[in-house]
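**Q** task: produce atomic coordinates for the following.
(one chain, ligands or ions: 2)
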Amino acid sequence: MAYLTVDGISAGYTKLDVLKNVHLSIEKGEIAALIGPSGSGKSTLLRTLVGLLRPHTGGVEIDGHSIDYGDRDSLRQARDRFAIVFQQYNLFQNMTALRNVTIAPDIVKKRARKDVEALAAELLDKVGLGNKLGAYPDELSGGQQQRVAIARALALKPDILLLDEVTSALDPELVTEVLDTIRLLADEGMTMLIVSHEMAFVREVASRVVFMDQGSVVEAGPASQVFDAPKTDRLRDFTAKIL
Ligand code: ADP
Ligand code: MG
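**A** Numbering: from 1, shown residues only. Ligands and ions are numbered 1, 2, ... in the order given. You can find the predicted model right below:
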């Protein structure tokens, strides 16, 4: 039994399905990458997993527990188990880096403030911002702000971290520092499902690559297989364009 199993999910923004019968599985500690053309449903899949969209059909199982997205308690469980970081980091401009991280667990978990601050400081240090606790977002580079957003997601102690094109809005020279942070989390055994256009990075860190097109998973397998031995014309066309 895989750690995360997505079993035939269909979902969309209206009655129309954007995702069509999506299956995928991830083992604990594994990094899986979602690749595919723009509009293929990658973000929609991540949004569905965290409960921002309700699947029309299909199920999700994490660590042996199935999530019923129609049920409030299960939905809360889904939100506890996943944390998502978006392309646009959306930090609160009027709050320090530390406060931007503490605000999430403050609200969600109601832990003692002292513990939350210690955890936030530790996480900011982990992402290389131990000396920026008191800095406001406009005093930080895009790469630093994105690392604050990653620390904020980690403060929720997710079982699975979802990263949706977290380097796409960054100037090229700032991409590396964010990829280094993801690499560090990978080395620590964090289970992650990432959407990325950094194909060299995907090949390096992802043990499983899932190629989506038009709302469906077209091919999935080890990075070497997906990149070097694509089975379908659709994947061949896609990799020809991006590699
Ligand atoms: P990707 O992340 O792979 O680029 P998306 O999941 O964002 O793809 O989009 C998949 C499809 O869903 C596209 O056809 C897109 O137009 C549609 N879509 C995305 N967001 C919305 C939305 N908020 N409302 C309606 N349709 C949407
Ligand atoms: Mg997207």
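
**Q** residue closest to the middle of the chain?
**A** The centroid of the chain falls nearest to residue 162 when counting by Cα atoms, centre = their mean (1.4 Å).

**Q** that one and ligand 1, how far apart?
**A** 12 Å (Cβ to the nearest ligand atom, to the nearest Å). Where you see a C-beta, it was placed from the backbone N, CA and C, and this is true even at glycine.

**Q** can stretch 88-100 be said to contact ligand 2?
**A** No: Stretch 88-100 stays clear of ligand 2 (Cβ under 5 Å from the ion), getting no nearer than 11.3 Å.

**Q** distance across that stretch, terminal residue to terminal residue?
**A** This stretch, stretch 88-100, spans 15 Å end to end (Cα to Cα, to the nearest Å).

**Q** which residue comes closest to the residue nearest to the centre of the chain once chain neighbours are left out?
**A** Excluding its sequence neighbours, the residue lying closest to residue 162 (Cβ to Cβ, 6 or more residues apart in numbering) is residue 84, at 4.3 Å.

**Q** count of residues packed around the one you found?
**A** A count of neighbours around residue 84, defined by other Cβ atoms under 10 Å, yields 22.

**Q** quick one: strands adjacent to the helix or strand where it lies?
**A** Element membership of residue 84, judged by DSSP states H and E, is strand 82-85. If you go by DSSP bridges, strand 82-85 pairs up with strand 160-164 (parallel).

**Q** state the next helix or strand along the chain beyond the partner strand.
**A** Where DSSP H and E defines the elements, the next helix or strand beyond strand 160-164 is helix 172-187.

**Q** wondering if the helix or strand following that next one reaches ligand 1 at all.
**A** Using DSSP H and E, the helix or strand that follows helix 172-187 in sequence is strand 191-195. No: using Cβ under 6 Å from any ligand atom, strand 191-195 stays clear of ligand 1, coming no nearer than 6.6 Å.

**Q** what's around residue 83, how many residues?
**A** Residue 83, neighbours per other Cβ under 10 Å, totals 22.
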